[in-house]
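Novice: For reference, the sequence and a predicted model appear below.
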Amino acid sequence: MLVTGAGRGLGRAMALGVAQAGATVVAVARTAGELAETAALAEPGRVHVLPWDLAAPDTADDLVAGAQRLAGPLHGVVHAAGIQHRAPAADFPADAWARILTVNLSAPFFLSTAVHRAQAARGESGSHVFIGSLASSIGLRNVAAYAASKAGVLGVVRTLAVEWAASGARVNCVAPGYIRTALTEDLFADAERAAWVAGRIPMGRLGEPADLAGAVVFLLAEASAYITGQLINVDGGWLAG
């Protein structure tokens, strides 16, 4: 299995969860040191590390080839890498907009197509798990580029699910709610705001990265063999309330 953004936060938790479930994982992120920390938390030999800059989507085929040299054929991919920039829409910087759309939307699209080509060449299929957000479904303030990328992810998921279903490939999206990660650190630095967010969540607490692992493992496994094109919200009940 290939997991991007695996150096920290949600990606690390997903990579470790998938490894704990018994899969061999290729962990991808820009920072080699963070990837080494992820691998050290897993059973020896279970997580291989592959430093890579996902801001260059045209290298997706090379990334897949490198991952397969490390761990053999890829049976699934989890697109956990993501970046954020907060600013009012009227003042949103063009360079931040472009980079967020590249990393959050273009990179997972082109990586999944590269993985799919490699799987099809072997006469196989696999599971592709994209990571969405509350912003895939609702409007949130000061995150226009992030919202555009995550709404776009949902469109990609549904399109690929329909295009690839006949081959047996499955494509789904897991959308976290408010989770404590580096991307939300600035948001929750305000204790009053953090308390308001937690109070708005029916389950009464902010999420932790490990809360995402179960849904991801399920979508990678044969237990979800008849599920494709779906959005699973892991949000403590936020959207239900």
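Specialist: Yes, it's here. Numbering: from 1, shown residues only.
Novice: Helices of the protein, start to end?
Specialist: Chain-ordered helices for the chain, with DSSP state H as the definition, fall at 9-20, 32-40, 60-71, 94-101, 107-121, 144-164, 185-188, 191-200, 213-220.
Novice: Dump the C-alpha coordinates for the second one into PDB.
Specialist: Once non-C-alpha atoms are left out, helix 32-40 reads as follows in PDB (Å, rounded to 0.1, in the frame of the first residue of the first chain):
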ATOM      1  CA  ALA A  32      13.000  11.900   5.200                       C
ATOM      2  CA  GLY A  33      13.500  12.400   8.900                       C
ATOM      3  CA  GLU A  34       9.700  12.500   9.600                       C
ATOM      4  CA  LEU A  35       9.300   9.400   7.400                       C
ATOM      5  CA  ALA A  36      12.000   7.600   9.400                       C
ATOM      6  CA  GLU A  37      10.100   8.400  12.600                       C
ATOM      7  CA  THR A  38       6.900   6.900  11.100                       C
ATOM      8  CA  ALA A  39       8.700   3.700  10.100                       C
ATOM      9  CA  ALA A  40      10.300   3.400  13.600                       C
END
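Novice: Report all helices and strands that it contacts.
Specialist: The helices and strands touching helix 32-40, judged by 3 or more CB pairs under 8 Å, 6 or more residues apart in numbering; DSSP states H and E, are helix 9-20, strand 25-29, strand 47-51. C-beta here means a position set from N, CA and C on the backbone, and glycine is covered the same way.
Novice: So what touches that helix?
Specialist: When contacts are taken as CB atoms under 8 Å, 6 or more residues apart in numbering, the neighbours of helix 32-40 outside the stretch itself are 6-8, 12, 15-16, 27-29, 47-51.
Novice: quick revisit: among the helices and strands packed on helix 32-40, which is the most enclosed?
Specialist: Between these, strand 25-29 has the highest mean count of neighbours, a mean of 29, where neighbours are mean count of other CB atoms under 10 Å.
Novice: which helices and strands does that strand pack with?
Specialist: Helices and strands touching strand 25-29, by 3+ CB pairs under 8 Å, 6+ apart, are strand 2-4, helix 9-20, helix 32-40, strand 47-51, helix 60-71.
Novice: Report all helices and strands that the second one contacts.
Specialist: Which is helix 9-20. Other elements packing on helix 9-20 under the criterion 3+ CB pairs under 8 Å, 6+ apart are strand 2-4, strand 25-29, helix 32-40, strand 47-51, strand 76-79, helix 213-220.
Novice: Same check on the fourth one?
Specialist: Secondary-structure packing of strand 47-51 (3+ CB pairs under 8 Å, 6+ apart): helix 9-20, strand 25-29, helix 32-40, helix 60-71.
Novice: mind running it again at 10 Å?
Specialist: In this structure, strand 47-51 packs against strand 2-4, helix 9-20, strand 25-29, helix 32-40, helix 60-71, with contacts taken as 3 or more CB pairs under 10 Å, 6 or more residues apart in numbering; DSSP states H and E.
Novice: For that strand, the averaged confidence score.
Specialist: Strand 47-51 carries an average pLDDT of 98.
Novice: Other residues contacting that strand?
Specialist: Residues outside strand 47-51 that contact it (CB atoms under 10 Å, 6 or more residues apart in numbering): 1-4, 6-7, 12, 15-16, 18-19, 23-42, 63, 66-67, 69-71.
Novice: how about the nearest residue in space to A118 that is not next to it in sequence, what does it touch?
Specialist: If the residues on either side of it in the chain are set aside, A118 comes closest to V64, at 5.2 Å by CB to CB, 6 or more residues apart in numbering. For V64, the contacting residues are 2, 26, 74, 77, 111-119, taking CB under 10 Å, 6+ apart as the criterion.
Novice: Could you check how far G66 is from G155?
Specialist: Remark: distance between G66 and G155 (CB to CB, to the nearest Å) = 28 Å.
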